[in-house]
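**Q** Okay, predicted coordinates and the sequence, questions at the end:
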Amino acid sequence: MANILPKLFLCLIILTHITVSYADENGYFNEHAKGWHWYNDPKESDDENNNEEDPNAQMNAVRATVQRALNNAVLHPTQENVRNYIVIQNELANHANQFNHSWQAVLLQNPELNYSLLHPTNNLAKQVEYDQHHVAEEKIVRSLAKDYQLYFFYRSTCPYCQRFAPIVKDFGTTYGFNILPISTDGIPLPEFPDSYTDQGEAQIYNVTVEPTLFLVNPSTHKAIRIATGLTSQSEIKKNIMALITHFEGDVP
């Protein structure tokens, strides 16, 4: 991020620092009639001086000058006009380098401003961040098993349910969840021979598609749908992390 931000703000910031050497060379900054000062009213001299010190006014003025140089070079591509535009591009490149060097120096001296320290961008740091995030997620999901159960709704003839059943069973074993398997057609799958037959639970939990997996707090009866259709274990965990924030009062 440290390298991205300078690029984002570069064009806006460096234009306020176009050097006097370029201004003297092409005359845009000194000739008010040809530059952004299209009039020269002595009564406005104080305001004009104030505007020249205002970075916003400087920005608008330099933008107009740069655009004028570009338009002039495109519409009238003489060597002199193209040369003038190349001069300004070189000046911009010089200021870009200076700005980038200053940016890096400030971040070195003020690490609390370095966004990439909190949100790493290089692969090594991102791997460390991922590992820490993974450990935290594992801890949260395991802690949910103390207060939540998995309600697994399936139909025995559903091929997706048949593929999903071993995934659900392994997920429950891995994280310590008790699983309540509920067969909507009354026929158990091999992974869950002691399944319950649906007695209206599917309607209560608004199950319209099998397979469907819920996190359910038996004490509060709070139910969180965490999977519909064939889903991998990593997706189940991702869904849990995304959804539990809506039920913070129930989550340990």
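**A** Nice, I can see it. Numbering: from 1, shown residues only.
**Q** Count the residues that sit near Val62.
**A** For Val62, the neighbour count with other C-beta atoms under 10 Å is 21. The way it works is simple: take the backbone N, C-alpha and C, and place the C-beta from them, glycine included.
**Q** Where does it fall, secondary structure wise?
**A** Per DSSP states H and E, Val62 falls inside helix 55-75.
**Q** Helix or strand next in line after that helix, which one?
**A** Later in the chain than helix 55-75, the nearest helix or strand by DSSP H and E is helix 79-109.
**Q** tell me the mean pLDDT over that next one?
**A** Averaging pLDDT along helix 79-109 gives 86.
**Q** So which elements touch it?
**A** In terms of contacts (3 or more C-beta pairs under 8 Å, 6 or more residues apart in numbering; DSSP states H and E), helix 79-109 is packed against helix 4-14, helix 20-26, helix 55-75.
**Q** Can you list the buried residues in it?
**A** Asn81, Asn84, Tyr85, Ile88, Glu91, Leu92, His95, Ala96, Phe99, Asn100, Trp103, Leu107 (16 or more other C-beta atoms under 10 Å).
**Q** And for stretch 228-245?
**A** Of the residues in stretch 228-245, Thr228, Thr231, Ile236, Lys237, Asn239, Ile240, Ile244 count as buried by neighbour count, 16+ other C-beta under 10 Å.
**Q** Could you give the average pLDDT over it?
**A** If you average the pLDDT over stretch 228-245, you get 87.
**Q** Mind listing residues that contact that stretch?
**A** If you take C-beta atoms under 8 Å, 6 or more residues apart in numbering as the criterion, stretch 228-245 is touched by 137, 140-141, 144, 160, 163-164, 167, 170-171, 174, 209, 211-213, 215, 224-227, 251.
**Q** And for stretch 166-182?
**A** In this structure, residues lying in contact with stretch 166-182 by C-beta under 8 Å, 6+ apart are 141-142, 144-145, 148-154, 165, 188-189, 191-192, 194-198, 201-202, 211, 213, 216, 231-233, 236.
**Q** mind giving me the domain ranges of this protein?
**A** If you go by automatic domain parsing, the domain ranges for the chain are 4-118, 123-247.
**Q** Could you tell me the least trusted of those?
**A** With a mean of 68, domain 4-118 has the lowest mean pLDDT of the domains of the chain.
**Q** residues touching Tyr154, list them.
**A** With contact set as C-beta under 8 Å, 6+ apart, Tyr154 has these partners: Cys161, Phe164, Ala165, Pro181, Ile182, Ser183, Thr184, Leu189, Glu210, Pro211.
**Q** List the buried residues of stretch 211-228.
**A** Those would be 211-217, 222-228, for stretch 211-228 by 16+ other C-beta under 10 Å.
**Q** hey, C-alpha coordinates of it in CSV?
**A** Coordinates of each C-alpha in stretch 211-228 appear next as CSV, following Å, rounded to 0.1, in the frame of the first residue of the first chain:
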residue,chain,number,x,y,z
PRO,A,211,-28.9,-30.0,1.7
THR,A,212,-29.1,-27.1,4.2
LEU,A,213,-26.9,-26.6,7.2
PHE,A,214,-27.6,-24.5,10.2
LEU,A,215,-25.8,-23.4,13.4
VAL,A,216,-28.5,-23.6,16.1
ASN,A,217,-28.2,-22.5,19.7
PRO,A,218,-30.4,-25.0,21.6
SER,A,219,-30.9,-22.7,24.5
THR,A,220,-32.1,-19.6,22.6
HIS,A,221,-33.2,-21.4,19.4
LYS,A,222,-31.3,-18.9,17.4
ALA,A,223,-30.5,-20.4,14.0
ILE,A,224,-27.9,-19.2,11.5
ARG,A,225,-28.0,-20.7,8.0
ILE,A,226,-24.4,-21.4,7.1
ALA,A,227,-24.7,-23.6,3.9
THR,A,228,-27.3,-24.3,1.2
